[in-house]
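> pasting a predicted model and its sequence here:
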Amino acid sequence: MVGVQSIPSPAITADERSHEVDHPSSQVAQFGTEQPLRLDCGVDLSPFQIAYQTYGELNADRSNAILICHALTGDQHVANVHPVTGKPGWWETLVGPGRPLDPREYFIICSNVIGGCMGSTGPASINPATGKVWGLDFPVITIPDMVRAQAMLIDRLGIDTLFAVVGGSMGGMQVLQWTAAYPSRVFSALAIACSTRHSAQNIAFHELGRQAVMADPDWHHGGYADHGIHPHRGLAVARMAAHITYLSDAALHRKFGRRMQDRELPTFSFDADFQVESYLRYQGSSFVERFDANSYLYLTRAMDYFDIAGDHGGVLAKAFAGIQTRFCVVSFTSDWLFPTSESRALVHALNASSARVSFAEIETDRGHDAFLLDVPEFFDIARAFLQSAGKARGLTAKNA
Amino acid sequence: MSVQEALPLGGVATGQPGDFRADHVLVAEMVKPGSKVLDVGCGEGDLLQLLETRGVDGRGIELSREGVNRCVAKGLAVVQGDADTDLVNYPDDAFDYVILSQTLQATRQPKVVLENLLRIGRRAIVSFPNFGFWKMRLQLLIGGHMPRTENLPASWYDTANIHFCTIKDFVELCDAIDVKMERAEALDLYGRPLRLRMPWWVWNLFGEQGVFLLTRGGRK
């Protein structure tokens, strides 16, 4: 029989991961029955909680708060060691002392999105009505729902206007939703590698990922928690497919080419002969250690539904009419998931609204993932944009 | 302060650090402080930076990615875009002034661009190299080749400038599309404004570049 090597099982148990779902290693804001979250699907979610991290201190006039919105598989652990994986924060390239988002200068907030699995209420949380895990009984959420929940957190923190809202990919969608829904509460907006609507191709990739999860017999129609298991194979395949879309042909070729993994010759089997296969399997198996399969279904769905123009009579510019927020839009040349053309459409709409907007396309072969990587030109732009906005806001730069 | 005093160096050539280009100083002087300005073809943002020192709310469009990224890294509100295709996205009367500095000759449709400038902006400021300048004429007449100058060093086959015109040509275009000239300046080879109210043909011969403050005509 031809040798087959499947994706390795996760090293971290489902129990270890699910502990973070209800008892996150971060700050938590609880919202009781008197403060329900009104969801787009018509359901009032209540009670619910939002897990969040903060870095730095809020200044006396509460004018230096920056909200970071995380991407699809991100969480609130932007710039600290991750409690499950033990790895550094996912945006330590951008956030930290001496970095463009410096906690000595700004009060930086990042919350786990509603529907997530790192402490904010989501499908992996316990449904208080049944005492069991929500699973597919959890209502479908949208990007506007995520932002509505964040606004409730920002209210709770006593902040009226955010100095900046910053995010890439799904985080960028939230940034744009913030400016469309709460224009007067966002002084500046840094939207990176994102779009005002999810494209057909992107919906298609998400559907592929969801079908991979649902095809795993361990998924049990979303009820795997009751069986004490996790559809890690399906979720790993979903992650592997998605991960390809985060890179580029050039980056894959540069990183792996056709090189073999720990061997000279092909094994004439379905082992991971190629380095790129081994890499993808690693990406898949390490992802399932920290992420809930149902949460992945819900969050990908939220991105699919996102369409700001659709919420404004089909005219994107209407979403930003008269807006005073200062925008900076950044795209990357090799990003084919959220290509520059999507950012350009946003910029055209902002121009039509006479908004103050900067737009830079950064040349890199690293694909969509570039926003998470060490790309100095991007950092220079983020830093200058925030400093210029800080000047307009009357913030005094300590690390300029 | 006269413009001339602020001009240590001539023409478009950049001077010492901190100095501003002669035509930029002249353009900036035409802009009322506190107004809202769009600089089309803003390069690396030098003019926008000069305007910011005068309390102007400046925005920019630039074709080259390098130029845009340098502008954004200076904190300027600049977007990557093309004067020929992207001006249509801006609404009427969005700006007090729209500036087209040394860019008209590089557009595919100068007439359409000019019309768009005065749709988006209540006023437009346009500067361009004058192909009627005596040195240009001399190069063509005596040298028999396409003119090249310090400010326009590219050869005909690799220049981005595809629509050269003379001051006289430009005045005629403005008249044809009902654009009124509120102010016209010609700069000599050293970037100094030609001072006397001389006839157009003198400007067309001795002006190395023209700078025009335009507004909508009243014919329509």
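Received the coordinates, thanks.

> point out where the chain drops to low pLDDT.
Looking at chain A here, since you left the chain open. Low-confidence segments of chain A (pLDDT under 70): A:1-17, A:397-400.

> oops, I was thinking of chain B
B:1-18, B:195-196, B:220.

> quick check: closest non-adjacent residue to the residue of it found nearest chain A.
With C-beta to the nearest C-beta, the shortest gap between chain B and chain A falls at residue B:75, namely 2.9 Å. C-beta: built from backbone N, CA, C; applies to glycine. Closest residue to residue B:75 apart from its sequence neighbours, by C-beta to C-beta, 6 or more residues apart in numbering or on different chains: residue A:388 at 2.9 Å.

> again with residue A:279
Nearest one to residue A:279, counting by C-beta to C-beta, 6+ apart, is residue A:256 at 6.5 Å.

> number of residues surrounding the one you found?
Using other C-beta atoms under 10 Å in any protein chain shown, residue A:256 has 17 other residues around it.

> how about it, what does it touch?
Residues in contact with residue A:256 (C-beta atoms under 8 Å, 6 or more residues apart in numbering or on different chains) are A:274-276, A:279.

> what does residue B:146 give?
Residue B:146 is in contact with B:139-140, B:155-156, counting by C-beta under 8 Å, 6+ apart.

> and for residue A:322?
Contacts for residue A:322 (C-beta under 8 Å, 6+ apart) come out as A:183, A:353.

> what residues does the stretch 251-400 of chain A put near chain B?
A:326, A:328-329, A:344, A:347-348, A:351-352, A:354, A:356-363, A:377, A:380-381, A:384-385, A:387-388, A:391 (C-beta under 8 Å from any C-beta of the partner chain).

> point me to the residue of the stretch 201-350 of chain A nearest chain B.
Counting by C-beta to the nearest C-beta, the stretch 201-350 of chain A gets nearest to chain B through residue A:348 (4.3 Å).

> look up phi and psi at that residue.
phi -60, psi -40 (degrees, to the nearest 10).

> next, count neighbours for it.
Residues contacting residue A:348 under the criterion other C-beta under 10 Å number 20.

> quick check: phi and psi on the residue most central in space within chain A?
Centroid-nearest residue in chain A: residue A:71, 1.0 Å away (criterion: C-alpha atoms, centre = their mean). With angles defined as degrees, to the nearest 10, residue A:71 sits at phi -80, psi -180.

> again, but for residue A:329
Torsion angles at residue A:329 (phi, psi; degrees, to the nearest 10) stand at phi -110, psi 130.

> neighbours of it, how many?
Neighbours of residue A:329 under the rule other C-beta under 10 Å: 28.

> SS state for the nearest residue to it once chain neighbours are set aside?
The shortest distance from residue A:329 to any non-neighbouring residue, by C-beta to C-beta, 6+ apart, is to residue A:359 (4.5 Å). Using DSSP: H, G, I helix; E, B strand; the rest coil, the structure places residue A:359 in strand.

> and the closest residue to chain B within chain A, what element?
At 2.9 Å from chain B, residue A:388 is the closest residue in chain A, using C-beta to the nearest C-beta. Assigning secondary structure by DSSP states H and E places residue A:388 in helix A:376-393.

> if you count contacts, what does that helix end up packed against?
strand A:162-168, strand A:186-192, strand A:326-332, strand A:356-362, helix B:65-73 (3 or more C-beta pairs under 8 Å, 6 or more residues apart in numbering or on different chains; DSSP states H and E).

> now these in CSV, with distance to residue A:97?
Listed next are those as CSV, based on distance: least, C-beta to C-beta, whole Å:
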stretch, distance to residue A:97
strand A:162-168, 17
strand A:186-192, 19
strand A:326-332, 22
strand A:356-362, 24
helix B:65-73, 21
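
> what does the residue sitting furthest away from the middle of chain B show for phi and psi?
Largest separation from the mean C-alpha position in chain B: residue B:142, at 28.5 Å (C-alpha atoms, centre = their mean). Phi and psi for residue B:142, reported as degrees, to the nearest 10, are phi -90, psi -50.

> do the same with residue B:201
Phi and psi for residue B:201, reported as degrees, to the nearest 10, are phi -70, psi -30.

> okay, and the closest residue to it other than its chain neighbours sits in which element?
Spatial nearest neighbour of residue B:201, chain neighbours left out: residue B:168 (7.5 Å); criterion: C-beta to C-beta, 6+ apart. Per DSSP H and E: residue B:168 is located in helix B:167-176.

> so which elements touch the helix or strand just after that helix?
Following helix B:167-176 in sequence order, the next helix or strand is strand B:179-187 (DSSP H and E). Packing partners of strand B:179-187 (3+ C-beta pairs under 8 Å, 6+ apart): helix B:22-30, helix B:167-176, helix B:200-206, strand B:209-216.

> count of residues packed around the residue nearest to the residue nearest to the centre of chain A when sequence neighbours are not counted?
The shortest distance from residue A:71 to any non-neighbouring residue, by C-beta to C-beta, 6+ apart, is to residue A:169 (4.0 Å). By other C-beta under 10 Å, the residues close to residue A:169 number 27.

> also residue A:326?
Residue A:326 has 23 nearby residues by other C-beta under 10 Å.

> the closest residue to it other than its chain neighbours and residue B:31: what is the separation?
Spatial nearest neighbour of residue A:326, chain neighbours left out: residue A:188 (4.3 Å); criterion: C-beta to C-beta, 6+ apart. Note on residue A:188: its distance to residue B:31, by C-beta to C-beta, to the nearest Å, is 25 Å.

> ok, the closest residue to residue A:127 other than its chain neighbours - contacts?
The shortest distance from residue A:127 to any non-neighbouring residue, by C-beta to C-beta, 6+ apart, is to residue A:134 (4.5 Å). Taking C-beta under 8 Å, 6+ apart as the criterion, residue A:134 is in contact with A:122-127, A:294.

> of all pairs in those residues, which one is the farthest apart?
Spatial extent of those (C-beta to C-beta) is set by the pair A:126 and A:294 at 13.3 Å.

> who has more neighbours out of these two?
Ranked by neighbour count (other C-beta under 10 Å), residue A:126 and residue A:294 place residue A:294 first, with 26 against 15.

> may I see the contacts of residue A:256 arranged in CSV, with neighbour count and secondary structure as well?
Below are those laid out as CSV (neighbours: other C-beta atoms under 10 Å in any protein chain shown; DSSP: H, G, I helix; E, B strand; the rest coil):
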residue, neighbour count, secondary structure
A:274, 17, strand
A:275, 17, helix
A:276, 19, helix
A:279, 18, helix
